[in-house]
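Enquirer: have a look at this prediction, sequence included:
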Amino acid sequence: MSGSHLSSTEITSYDKNLLRIEVELIPPALKVGESCKLLILTSPTPCEYHGRVAREGTRNLIGMFKGQEREQRGAERYSLKLPALIEELICDMRAYTMHTPLEVELVNISKSGVRFTAPFYSLTDGDRFRMRLRISDKDKQLIAEVTNHFDKDSEVSEYGCRFITGG
């Protein structure tokens, strides 16, 4: 199910010790027995969970466990086209509010980072920031650092960023 997303899901239980969550699919979008991954946009970095769809009564549920930390080349990327705002830059463990928030458009996201486009040369490699995005009527905040960028043309640059913990 790479790259797909389910907008109508509900977390029905969460076990912090086992790092296990249970998600109900509304409506049943996947078949029973189908394996899947779920990227949960938690702050400051997303978490990836793995599981299989099971049936419990009339509900289709996924009992999912947190994935292993496995970064060789990178985590699986999920394509998306979603606006976001960078409102704070982080320097020396302090957040500084930008006078004018930077409007960006996400290209893809994984549990280890995000790629987005922004106006030409808005950021540079090594810049740290707090990004706000809206998913399912809820704001999520993520903290990241620019690792690379390239200029698509004279008006737009594309930025590759890794998520960081703390400022």
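Expert: Nice, I can see it.
Enquirer: quick one, strands of this protein?
Expert: 9-15, 20-25, 35-40, 47-56, 59-66, 78-91, 94-109, 113-119, 128-135, 138-151, 156-163 (DSSP state E).
Enquirer: domain-wise, how is this protein divided?
Expert: 9-66, 78-163 (automatic domain parsing).
Enquirer: tally of neighbours for the closest residue to residue 38 other than its chain neighbours?
Expert: Spatial nearest neighbour of residue 38, chain neighbours left out: residue 49 (4.6 Å); criterion: Cβ to Cβ, 6 or more residues apart in numbering. For glycine as for every other residue, the C-beta is placed from the backbone atoms N, C-alpha and C. Using other Cβ atoms under 10 Å, residue 49 has 20 neighbouring residues.
Enquirer: and residue 39, by the same measure?
Expert: With other Cβ under 10 Å as criterion, residue 39 counts 18.
Enquirer: surely it is in contact with residue 114?
Expert: No: counting by Cβ atoms under 8 Å, residue 39 stays clear of residue 114, with 11.2 Å between them.
Enquirer: contacting residues around residue 160?
Expert: 113, 115, 146, 147, 148, 149 (Cβ atoms under 8 Å, 6 or more residues apart in numbering).
Enquirer: out of the residues you listed, who's nearest residue 77?
Expert: residue 115 (7.7 Å; Cβ to Cβ).
Enquirer: what's the per-residue pLDDT of that closest one here?
Expert: Turning to residue 115, the model gives it a pLDDT of 92.
Enquirer: what bridges to it?
Expert: With DSSP bridges as the criterion, residue 115 is bridged to residue 108, residue 160.
Enquirer: wait, it sits on residue 105?
Expert: No: if you go by Cβ under 8 Å, residue 115 and residue 105 don't touch, sitting 10.2 Å apart.
Enquirer: between these two, which is the more surrounded one?
Expert: residue 115 (17 against 14).
Enquirer: separation between that one and residue 159?
Expert: Look at residue 115 and residue 159: by Cβ to Cβ, to the nearest Å, they are 7 Å apart.
Enquirer: and for residue 88?
Expert: Counting by Cβ to Cβ, the gap from residue 88 to residue 159 is 16 Å.
Enquirer: these two: which has the busier surroundings?
Expert: Taking other Cβ under 10 Å, residue 88 and residue 159 do not tie; residue 159 has more neighbours (25 against 19).
Enquirer: bridged to the residue nearest to residue 38, which residues?
Expert: For residue 49, the beta-bridge partners under DSSP bridges are residue 38, residue 66.
Enquirer: equivalent analysis for the one 4 residues further on, please.
Expert: As for beta bridges, residue 53 partners with residue 62 under DSSP bridges.
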